[in-house]
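> with the sequence up front, the predicted model follows.
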Amino acid sequence: TLTKRRLQAQVIGPIFAEMVAEIGEAKAAAILDAAIRKAAIAEGRDFAGKEPGGVTSMAGFIKLYELWTADGALEMKVLEASDTVLDFDITRCRYAETYKEMGLGKIGHLLSCNRDGTFCQGYDPNITLDRKQTIMEGAKRTEDVLSVYNQLVSVRGQIEQVKGQMKYYSEAAAMSLVSI
């Protein structure tokens, strides 16, 4: 949520400033980026574990977006939502506005934007985020597409095919007559 990110930024901002003073901006940014990505993967895994039976889906992931858009944090226009794709534009990002107000606009993409794709990895490695630009980096809007790998669809098809074969052999065996 926006409140959670603001509280985190209040702690991270001064730590980042100290790191910059000691080791330089590039190294400090790399360390912050790596730490936040690892935290996002762990958080994604935690959310995946809360899914019924621990089974993730695009539908479950779409419901998570309600957390990030709460209290108007993101204004989002959904272009497509299905079992395999969530295509949307973000037209307003209060996360970006908040970080800029706090004087942290320079690292805002590390604090929020870069988390999104790695959160997907933790939640379900089959869900990917394709994002070309962010409001944090100056774009008027983002064009985000979350999709499930085509491989997953292919594997599900193979599973269904094997299930069909198993059913066929089971029925054929039941109808067989063995005489000695």
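Perfect, thanks for sending it. Residues are numbered from 1 along each chain as shown.

> and Gly105, what element?
Assigned by DSSP states H and E, Gly105 belongs to no helix or strand.

> hang on, Ile90 packs against Leu74?
Yes: using Cβ atoms under 8 Å, Ile90 is in contact with Leu74, at 5.4 Å. In this view, the C-beta of every residue, glycine as well, is placed from N, C-alpha and C.

> let's check: the centremost residue of the chain is which one?
Against the mean C-alpha coordinate of the chain, by Cα atoms, centre = their mean, the closest residue is Cys120 at 3.0 Å.

> ok, that one - contacts?
44, 61, 127-129, 146 (Cβ atoms under 8 Å, 6 or more residues apart in numbering).

> tell me the one of these nearest Ser112?
Leu129 (12.9 Å; Cβ to Cβ).

> test my guess that that closest one contacts Gly117.
Yes: in this structure, Leu129 is within contact of Gly117 by Cβ under 8 Å, at 4.2 Å.

> can you tell me the closest non-neighbouring residue to Gly44?
Gly122 (2.5 Å; Cβ to Cβ, 6 or more residues apart in numbering).

> so which strand or helix has the one you found?
helix 114-123.

> also Leu79?
Per DSSP H and E: Leu79 is located in strand 74-81.

> again with Glu137
Going by DSSP H and E, Glu137 is not part of any helix or strand.

> before we move on, what about Gln161?
helix 150-174.

> still on that earlier bit, nearest to Gly54 among the contacts of Cys120?
Out of those, the member with the shortest distance to Gly54 (by Cβ to Cβ) is Gly44, at 12.8 Å.

> could you check how far the closest one is from Glu97?
25 Å (Cβ to Cβ, to the nearest Å).

> more crowded one of these two?
Gly44 (24 against 16; other Cβ atoms under 10 Å).
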